[in-house]
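*Asks:* Sequence and predicted structure are below.
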There are 2 protein chains.
Amino acid sequence: VSSELSAELLNRFAAIVGVRNTLGSNDDLTHYTHENRGYVVGDTKLVLKPKTCEEVSLILKLANSTGTTIVPQGGHTGHMGGGVPLKELNSIVVSTERMNKVLDVDLIGNTLTVEAGVILENIQNLAAENDRLFPLALGAQGSCMIGGNISTNAGGTGVLAYGNTRDLVMGLEVVLPNGEIWDGLNRLRKNNTGYDLKNLFVGAEGTLGIITAAVIKLFPAPAGREVAWAGFSSVKTALAFFQSAKAKADNQLTAFELVPRIGIDYLLKHFPKFPDPLENNHTWYGLIEITSGRSIEDARHLTEEIFEAGLEAAIVEDAALASNIAQQQLFWQMREELPNSQRPEGASISHDISVPLGKVPELIERGEALVVAVVPGARMVAFGHLGDGNIHFNFSKPVGMDDADYMAFREQVNAVVFDLVLELGGSVSAEHGIGLFKRDVLERVKSPTEMTMMHQIKQMFDPNGIMNPGKVLNRLPDQS
Amino acid sequence: VSSELSAELLNRFAAIVGVRNTLGSNDDLTHYTHENRGYVVGDTKLVLKPKTCEEVSLILKLANSTGTTIVPQGGHTGHMGGGVPLKELNSIVVSTERMNKVLDVDLIGNTLTVEAGVILENIQNLAAENDRLFPLALGAQGSCMIGGNISTNAGGTGVLAYGNTRDLVMGLEVVLPNGEIWDGLNRLRKNNTGYDLKNLFVGAEGTLGIITAAVIKLFPAPAGREVAWAGFSSVKTALAFFQSAKAKADNQLTAFELVPRIGIDYLLKHFPKFPDPLENNHTWYGLIEITSGRSIEDARHLTEEIFEAGLEAAIVEDAALASNIAQQQLFWQMREELPNSQRPEGASISHDISVPLGKVPELIERGEALVVAVVPGARMVAFGHLGDGNIHFNFSKPVGMDDADYMAFREQVNAVVFDLVLELGGSVSAEHGIGLFKRDVLERVKSPTEMTMMHQIKQMFDPNGIMNPGKVLNRLPDQS
């Protein structure tokens, strides 16, 4: 693998897409080189913006034959540094941002075929215009791109009823590291012909090839939707209510997000427009969404049925149903602004973890005690996708502590949390992936057998190690 | 790879599981050597029945070091010959039938952890006893085993609402061809840590290792269920009704099976207990199931709402709701006995195919014309999972024709059907897999790029070619 990129080689790459579709040293490359929260700053001499799968193929052929490392990017909104071109590697960034065509809309088969660079929100809107739902929804939806969503197997708030991104993908087109194009744009719900290749690329974070297009699933748009806040005395009762709601509503229960009282306090303090959701204070809150394909009335009836049962069983302390669509949106904004409301409270040590559902109460109770033992006064802000067992297990610094002093405890806090997560049979990265930041953790949580399989797969697809080196697997090209 | 199995080597294999847990030349091995419909007859000198994952590991270690080929079996009910030990290969059969323990029942996380040899129906029953549903349902459920279901990514009637077997599997334990045990018994709904290995083994038909245990998903048991027959004038109107029902009911629409009038005629003729479902004859019928997690009444209301809309839109000609559970079961029996009602009509040339949903009417119309042009008088019996685009595209022989004469047209009929399926962007094996019978078709329908990836994966996991040779990929050990 070459560690230098000659001007001549850069020119050959640029010629593939045309110079005006490149960015170089004279341009502001911040968006491409910086992790979006500034946690790590990379470097690149060249950003390529191909328009077609064939251009991507030519780029990877040239890269593979010259040992040039490639970092693929969509919206570059990931939280794990997976899209950052590492300084020491002289990587070229390939951005799919110009590959933004919708190739097919099939309203009978309920599929969309889209290029990798289509922005998630545009897909959501296109689905809505056609009376359909594309359920993937997450904070970055206005700028993240579907190719990146697929490459990271993005999670978000729609997972409970509709699954992870993996479950929303029916087929893929991928350019392999050797430049070959795999046309796997399957539009079939059943197709048992040989090994499943699609799922290897979903969640591989650009280390096995570049996803250039995908067939994704659409769902019927709900005819009715209700959004409510509920108050709980404990995580245990919140979980009991989740189970009772799930039994009745199954996939019509489209969200069950857990929020602690401290999160509500942060929201009220930093976003004056938000109301306190319930009359009295509760230790825990749930933001709950229920939909119906039948009618507004049916969604309302189902919601009432579920909440009446919860109040009667005394597992719900109180509840407030949004009275109109504007209020529904306001309730959801509260959930979405929760990370932003944490920011003004100072440094946070965060974890994107999951455990088997029944272990969530234990995770939160024991986890808080463990972290507070490391940093007395650390403020637990545990929130997220209760129904998936996926908690954003964040701790704001103690009031008055210096940010840097607090972050010095990061490794130690991570260690106690990860130990607990593993003890409970959980995952140290539920939805954000591995990227750059968790590659060392990966080696700790996976068995040698599993690590060997992953390395063999990487070696098989990318023997020259050109694709997104140093991500997921802690293996740089010169170590190959 | 050795082509002979010495008595000494057979003894070493037998010693791993204990001689009384083996079958040999003095036993009736028909169940293990014969494809269940007698289409192909294999041979083996030894059937091993391990009790634990560790025994499977020792078997594969010995097999791998001695070049002995292994054919894994569950209930051996597959339709593609994937479980047959080929005569020329001197394979040992490893049956998981004694690995039949339920390892864990998690009613909060809604998962079961089961060994590979648990019979599907036992899993369904265990779920029901716990007020849960395990939705995988297929004809062989009384004898097929979950490990085989997973290895073949079985389909069946539950796919519409709950997905293929792949979608029901959360984690796997697999013994790799080198004898290493991969503990991938993940119980998490979200876990983004590295490459997805699970999906490589699901549907690999035992060519990459032996699945020894799995974590599978449970769902809330429906509180109410309705089953109805509907009559349609065409596949097109059946499809329009499906779409309208799906929009309202989404996953509460748990089955939408298409049946042609000729299928009803066969059923009435050969199973006198069955009623003609509707007063008048219709060209096409739908067996439709709708469930509710809320109540019997809610399932009834939703069903009425859907059928009223269909009758009003004149896409449904007539409908009959089962009036009690016994009648619901009777309606379902009609669907299940359809293949058996075809048998007394003589030889059938069958295809398990799928196309994008919107192409189903074209598939059936053009497909019938093409086949009848090859064999005038061939009787189309096209039935199956309309909502998945998966049609069992069967043709009974013309009345009065000799079975053998008809089957002589098999290749020619397959050819015109497969050509049409490929033209429509479909799959030549929607749910039954590739096994032995379709391995040559596979090479025809997959691109060289995809075939290469599959061969590389096989090579990576099983360099000595010991696992289920000659299945899926047409590569025998001596060709490696």
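*Replies:* Perfect, I can see it now. Numbers count the residues shown, from 1 in each chain, chains lettered A, B, ... in the order given.
*Asks:* contacts, neighbours, all on C-alpha from now
*Replies:* Fine.
*Asks:* got the contact list for stretch A:342-355?
*Replies:* The contact list for stretch A:342-355, computed with Cα atoms under 8 Å, 6 or more residues apart in numbering or on different chains, reads A:263, A:266, A:270, A:363, A:388-397, A:399, A:403-404, A:406-407, A:410, A:413-414, A:421, A:424-432, B:188, B:190-191.
*Asks:* Okay, and which of these map to helices?
*Replies:* Residues of those located in helices (DSSP state H): A:G263, A:Y266, A:H270, A:L363, A:D403, A:A404, A:Y406, A:M407, A:R410, A:V413, A:N414, A:V421.
*Asks:* hey, C-alpha coordinates of stretch A:171-186 in PDB?
*Replies:* Below are the C-alpha coordinates for stretch A:171-186, written out as PDB (Å, rounded to 0.1, in the frame of the first residue of the first chain):
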ATOM      1  CA  GLY A 171     -31.500  -5.600  -2.000                       C
ATOM      2  CA  LEU A 172     -28.300  -3.800  -2.600                       C
ATOM      3  CA  GLU A 173     -26.000  -2.700  -5.400                       C
ATOM      4  CA  VAL A 174     -22.400  -2.700  -4.100                       C
ATOM      5  CA  VAL A 175     -19.100  -1.900  -5.700                       C
ATOM      6  CA  LEU A 176     -16.600  -4.400  -4.400                       C
ATOM      7  CA  PRO A 177     -13.000  -3.300  -3.400                       C
ATOM      8  CA  ASN A 178     -11.700  -4.800  -6.700                       C
ATOM      9  CA  GLY A 179     -14.100  -2.600  -8.600                       C
ATOM     10  CA  GLU A 180     -16.600  -5.300  -9.600                       C
ATOM     11  CA  ILE A 181     -20.200  -4.300  -9.400                       C
ATOM     12  CA  TRP A 182     -22.500  -6.700  -7.500                       C
ATOM     13  CA  ASP A 183     -26.100  -6.100  -8.700                       C
ATOM     14  CA  GLY A 184     -28.100  -7.500  -5.800                       C
ATOM     15  CA  LEU A 185     -31.100  -5.200  -6.200                       C
ATOM     16  CA  ASN A 186     -33.500  -7.900  -5.100                       C
END
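*Asks:* just the buried members of the contacts of stretch A:342-355?
*Replies:* A:263, A:266, A:270, A:363, A:388-397, A:406, A:410, A:413-414, A:421, A:424-432, B:188, B:190-191 (16 or more other Cα atoms under 10 Å in any protein chain shown).
*Asks:* May I have the predicted confidence score for the closest residue to A:F256 other than its chain neighbours?
*Replies:* Spatial nearest neighbour of A:F256, excluding adjacent residues (Cα to Cα, 6 or more residues apart in numbering or on different chains): A:I288 at 4.6 Å. pLDDT, A:I288: 98.
*Asks:* A:A238 is in contact with A:I288, correct?
*Replies:* No - A:I288 is beyond contact range of A:A238, at 10.9 Å (criterion: Cα atoms under 8 Å).
*Asks:* what does the stretch 301-450 of chain A put close to chain B?
*Replies:* Counting by Cα under 8 Å from any Cα of the partner chain, the residues of the stretch 301-450 of chain A close to chain B are A:354-358, A:388-390, A:425-434, A:442, A:449-450.
*Asks:* and if we set it to 10 Å?
*Replies:* The stretch 301-450 of chain A comes close to chain B at residues A:302, A:305-306, A:352-359, A:387-390, A:425-435, A:438-439, A:441-442, A:445-450, as judged by Cα under 10 Å from any Cα of the partner chain.
*Asks:* out of the ones in helices among the contacts of stretch A:342-355, who's nearest chain B?
*Replies:* Distance to chain B across the ones in helices among the contacts of stretch A:342-355 (Cα to the nearest Cα) is lowest for A:V421, with 11.6 Å.
*Asks:* Which secondary structure elements does the helix or strand of chain A with the lowest mean pLDDT sit against?
*Replies:* Counting by mean pLDDT, DSSP states H and E, the weakest-scoring helix or strand in chain A turns out to be helix A:439-445, with a mean of 89. In terms of contacts (3 or more Cα pairs under 10 Å, 6 or more residues apart in numbering or on different chains; DSSP states H and E), helix A:439-445 is packed against helix A:410-423, helix A:448-461.
*Asks:* where do the strands sit along the stretch 201-350 of chain A?
*Replies:* Listed in chain order, the strands of the stretch 201-350 of chain A (DSSP state E, counting those that start in this stretch) span A:210-217, A:219-220, A:224-232, A:253-260, A:284-292, A:318-321, A:348-349.
*Asks:* looking at those strands, which is buried most?
*Replies:* By mean neighbour count, with neighbours taken as mean count of other Cα atoms under 10 Å in any protein chain shown, strand A:210-217 ranks first of the strands of the stretch 201-350 of chain A at a mean of 28.
*Asks:* Tell me the strands beside it, with direction?
*Replies:* In the sheet, strand A:210-217 lines up against strand A:111-115 (antiparallel), strand A:169-175 (antiparallel) (DSSP bridges).
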